[in-house]
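**Student:** With the sequence up front, the predicted model follows.
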Amino acid sequence: MLKIDGITRTFGQVTALDGVSLEIGQGEFFALLGPSGCGKTTLLRIIAGFETPDSGTVTLDGDDLLALPPNRRPISLMFQSYALFPHMTVARNVAYGLEREKLPREEIRRRVGEVLETVGLSAHGDRRPAQLSGGQRQRVALARSIVKRPRLLLLDEPLSALDKKVRADMQLELKRLQNEVGITFVVVTHDQEEAMSLADRIAVFDSGSVRQVDEPVALYERPRSPFVAGFVGANNTFEGKVSAAGLDAGDLGELAGTPLDGLEEGAGALLCVRPEKIALREVPEEAAGPDAEPAAAPEELQEGAEGPAEGLEGAVLDVSFYGGVSHLSVDVPGHAKPVLVAVQGASAVRPGAKVRLTWDPRDAVVIPVPS
Amino acid sequence: MSPARTRPATALRVRRRLGAFVFLTPGLAYLVVLLLVPLALVLSYVFFQRGRFGGVVYEYTTENFSRLLDPLYLRVLGESLQIAALTTVIALALGYPTAYLIARLPRKWKTVALVAIVLPFWTNFIIRMYAWIILLNGPGLINSALKSLGLGPFELLYNQGAIVTGLVYSYLPLMVLPLYAAIEKLDPQLREASANLGASGFTTFRKVTLPLTVPGVLTGSLFVFVPSFGNFVIPEMLGGGKSVMVGNLIRTEFLKARDWPFGSALALALVAVLVVLLLAQAWAARRA
């Protein structure tokens, strides 16, 4: 539906977009994910018509978008700041786009009423934006964007201005709405959780280029580059060379893992394993002692501890409790960064405890390091 | 709740009040001495009779007020209003596009443009007015230029047009600066949102930019209208004394006719008109 081909845009010395190509399907919820300054907002502004690319094409159902001025494009953009007109009521804000189409007054009134109903703001039509909460303003912005029934809706960091609780509600609402109206959504975000929970597919951006386009689960479990591995979710990475079992991490020994297709043994690589995929088992102080007291670790943590010298050994540095999960950081001698481990619920392990970390080779992915 | 706890709090509050007082005093003193005292004097002169060589004779009269209603003076007041209004409208028509363009310049050029706007203030006002006389008068620069094109000569100086030209020239910066501030403050994303919703550039201006800069329009208009309305230097120099504005009249009453009480009445009438306008402006600004 939306086809972006070879878009390049430079600002002076800075290359904001470097030959970006993407294809987004009809009815898809697509996310552009990346750190700030990676070019994703520039791409959004090019699609909306507020920036012009130096080269490349953008077509919507085969029509050249770049030839149209912003006010002629069948595209709605929901701004990060919402950009509601402060001198108009909610209803007037929503009606603005329809009035520009010179629709009959009766139809405008009906459609504004309908869309306000959809976003749950029927009672607030006469308020000014300044009299609304952040979440309500976001709904007005959304209503104003969808009331024109655009073929494509662009959302620039739609939830970033909201606090955590409202955010979760609005995420669900956005998804529901997208199902309901069937418009193609393209959302720009720097928040990987937001991207993963909302989108059907995600394009990960880094310094002006697309690093990987994939479905959320694939992106999370099979990152194809160190950047994606590090940016999407928390990850533990180990450097080394591809080996038969996974990764030869030098001083740390052999680490279990699954190399990406086409990775040759001996090539420089990175092993990535998610914190929640690591099993943690407490090692008694006199580990060699034959009748040492069994550690007071929960049973599930002892799973996957068959091999004698498998995995990594280290000392717990810190335990943080988040309610549903606890995060433990473990100092592994010979590895610069502490290894992050996530366990269900509260952890009985205390800082200072000696632990052994293991994981299923299928849960660790070995990816190439660009030379 | 105990007195021991409230006393330091009270002391602190008193100290804060005292601090505010210290900071406010110079400004307050300035206003009292230079604004309120003269105003009080003017207000008191109105009710007395004129002295033979200026000053007042302390005999109560309301004659000064009834004289204000003389068509002769009402006409002067009306003409002053008309000139000031025309000046304001022209300054707005010239100032808005200027301010709009400056607000959209790259930051470096914004500063240059703003300095250029206030640059005329660095030259003496009277000199600038003489420059206008040289430009506008019979054999002046404009007429010579027109003559070489086979046009003219036109009567450009010593008429209402020359007064308005001089007033617009003098007070245009006071229009541009508040407008610039208002337009600059406007979130550029509002314009983009308007375009995204299908509005043309002109519709965006009419529906978004202009309504949101009304406070700037009102402030700028007031800044131009007020000094134009009471002006007496420009009408005298460029108007040649043919058109008399309230300011000229007041000056004449005080300095030439030596009728201080009636001069005071005229001055009060001028203040009254301006207060009404200020209130109207405040009301309109609150609604905007």
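**Tutor:** Alright, I've got the coordinates.
**Student:** tell me the secondary structure for A:Thr237?
**Tutor:** Here A:Thr237 is recorded as strand under DSSP: H, G, I helix; E, B strand; the rest coil.
**Student:** Which residues are in contact with it?
**Tutor:** A:Pro226, A:Ala229, A:Gly230, A:Leu270, A:Leu271, A:Cys272 (Cβ atoms under 8 Å, 6 or more residues apart in numbering or on different chains). C-betas here are computed from N, CA, C, even on glycine.
**Student:** can you list the residues of the stretch 151-288 of chain B near chain A?
**Tutor:** Within reach of chain A by Cβ under 8 Å from any Cβ of the partner chain, the stretch 151-288 of chain B has these residues: B:187, B:189-190, B:192-200, B:203, B:207-208, B:211-212, B:288.
**Student:** Could I have the buried ones of the residues you listed as PyMOL selection syntax?
**Tutor:** Applying 16 or more other Cβ atoms under 10 Å in any protein chain shown to these, the buried members can be selected in PyMOL as follows:
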select buried, chain B and resi 189+190+192+193+194+195+196+197+198+199+203+207+208+212
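**Student:** and the residues of the stretch 151-288 of chain B next to chain A, which of them are in helices?
**Tutor:** B:Gln189, B:Leu190, B:Glu192, B:Ala193, B:Ser194, B:Ala195, B:Asn196, B:Thr203, B:Pro211, B:Leu212 (DSSP state H).
**Student:** And the contacts of stretch A:360-368?
**Tutor:** Stretch A:360-368 is contacted from outside by A:221-226, A:229, A:242, A:245-247, A:255-260, A:263, A:267-274, A:277, A:304, using Cβ under 8 Å, 6+ apart.
**Student:** rewinding a little: only the buried members of the contacts of A:Thr237: can you turn that into a ChimeraX selection?
**Tutor:** Here is the ChimeraX selection string for the buried members of the contacts of A:Thr237, based on 16+ other Cβ under 10 Å:
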select /A:226,229,270,271,272
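**Student:** so which two of the ones in helices among the residues of the stretch 151-288 of chain B next to chain A are the farthest from each other?
**Tutor:** The span of those, defined through Cβ to Cβ, is set by B:Asn196 and B:Pro211 at 18.3 Å.
**Student:** Check the burial of the nearest residue to B:Arg191 once chain neighbours are set aside by counting its neighbours.
**Tutor:** Nearest non-adjacent residue to B:Arg191, counting by Cβ to Cβ, 6 or more residues apart in numbering or on different chains: B:Thr204, 5.5 Å away. A count of nearby residues for B:Thr204, using other Cβ atoms under 10 Å in any protein chain shown, gives 20.
**Student:** measure B:Thr204 to B:Leu105 for me?
**Tutor:** Taking Cβ to Cβ, to the nearest Å as the measure, B:Thr204 falls 19 Å from B:Leu105.
**Student:** Please apply the same query to A:Gln26.
**Tutor:** Separation of A:Gln26 from B:Leu105 (Cβ to Cβ) stands at 42 Å.
**Student:** could you give the mean pLDDT of stretch A:110-126?
**Tutor:** Averaged across stretch A:110-126, the pLDDT comes to 91.
**Student:** measure the residue in the stretch 251-371 of chain A that chain B sits nearest to to A:Ala346 for me?
**Tutor:** Shortest the stretch 251-371 of chain A-to-chain B distance, computed as Cβ to the nearest Cβ: residue-wise this is A:Tyr322, at 36.1 Å. According to Cβ to Cβ, A:Tyr322 stands 10 Å off from A:Ala346.
**Student:** Could you do B:Val168 as well?
**Tutor:** For B:Val168, the distance to A:Ala346 - Cβ to Cβ - is 77 Å.
**Student:** Comparing these two, which residue is more hemmed in?
**Tutor:** Comparing B:Val168 with A:Ala346 by other Cβ under 10 Å, the one with more neighbours is B:Val168, at 22 against 14.
**Student:** My guess is the more buried one contacts B:Gly95. True?
**Tutor:** No: judged on Cβ atoms under 8 Å, B:Val168 makes no contact with B:Gly95 at a distance of 9.3 Å.
**Student:** Where does the prediction get shaky in chain B?
**Tutor:** B:1-7, B:241-243, B:288 (pLDDT under 70).
**Student:** Let's see that with 80 instead.
**Tutor:** For chain B, the stretches flagged by pLDDT under 80 are B:1-10, B:53-55, B:138-140, B:152-154, B:240-244, B:287-288.
**Student:** How about chain A?
**Tutor:** The low-confidence ranges in chain A, as defined by pLDDT under 80, are A:160-166, A:261-262, A:284-310, A:370-371.
**Student:** Name the nearest residue to the spatially most central residue of it, ignoring sequence neighbours.
**Tutor:** For chain A, A:Gln192 is the residue whose C-alpha lies nearest the centre (Cα atoms, centre = their mean; 2.1 Å). Of all residues not flanking A:Gln192 in the chain, A:Val232 sits nearest, at 4.9 Å (Cβ to Cβ, 6+ apart).
**Student:** if I read this right, that neighbour contacts A:Leu33, doesn't it?
**Tutor:** Yes: under the criterion of Cβ under 8 Å, A:Val232 makes contact with A:Leu33 at 7.4 Å.
**Student:** longest strand anywhere in chain B?
**Tutor:** The longest strand of chain B (DSSP state E) is strand B:56-60.
**Student:** Tell me the helix or strand right after it.
**Tutor:** helix B:63-68 (DSSP states H and E).
**Student:** State the three-state secondary structure for A:Glu313.
**Tutor:** strand.
**Student:** Could you find the closest non-adjacent residue to it?
**Tutor:** Counting by Cβ to Cβ, 6+ apart, the residue nearest A:Glu313 is A:Arg356, at 5.3 Å.
**Student:** any idea which helix or strand carries the one you found?
**Tutor:** A:Arg356 belongs to strand A:354-358 when assigned by DSSP H and E.
**Student:** packing partners for that strand?
**Tutor:** Applying 3 or more Cβ pairs under 8 Å, 6 or more residues apart in numbering or on different chains; DSSP states H and E, one finds that strand A:354-358 makes contact with strand A:279-282, strand A:312-321, strand A:325-331.
**Student:** Out of the ones you listed, which gets nearest to B:Pro26?
**Tutor:** B:Pro26 lies closest, by Cβ to Cβ, to one member of the helices and strands packed on strand A:354-358: strand A:312-321, at 57.0 Å.
**Student:** Run through who's touching the closest one.
**Tutor:** Applying Cβ under 8 Å, 6+ apart, the contact partners of strand A:312-321 are A:252, A:255, A:283, A:326-333, A:335, A:338-339, A:346-347, A:349-357.
**Student:** From the chain's centroid, how far away is that strand?
**Tutor:** Computed by Cα atoms, centre = their mean, to the nearest Å, the separation of strand A:312-321 from the middle of its chain amounts to 27 Å.
**Student:** What of stretch A:127-145?
**Tutor:** With Cα atoms, centre = their mean, you get 25 Å for stretch A:127-145.
**Student:** tell me which residues of it are tucked away?
**Tutor:** By 16+ other Cβ under 10 Å, the buried positions in stretch A:127-145 come out as A:128-129, A:132, A:135-145.
**Student:** the strands in chain B, which residues?
**Tutor:** Ranges of strands within chain B are B:48-50, B:56-60, based on DSSP E.
**Student:** Of these, flag the one that's most buried.
**Tutor:** strand B:48-50 (a mean of 19; mean count of other Cβ atoms under 10 Å in any protein chain shown).
**Student:** Pick out the residue of the stretch 201-350 of chain A closest to chain B.
**Tutor:** When scored by Cβ to the nearest Cβ, the stretch 201-350 of chain A has A:Phe205 as its residue closest to chain B, at 21.6 Å.
**Student:** Over to that residue. Which of the three states is it?
**Tutor:** Once three-state DSSP is applied, A:Phe205 turns out strand.
**Student:** hey, what's it bridged with?
**Tutor:** A:Val210 (DSSP bridges).
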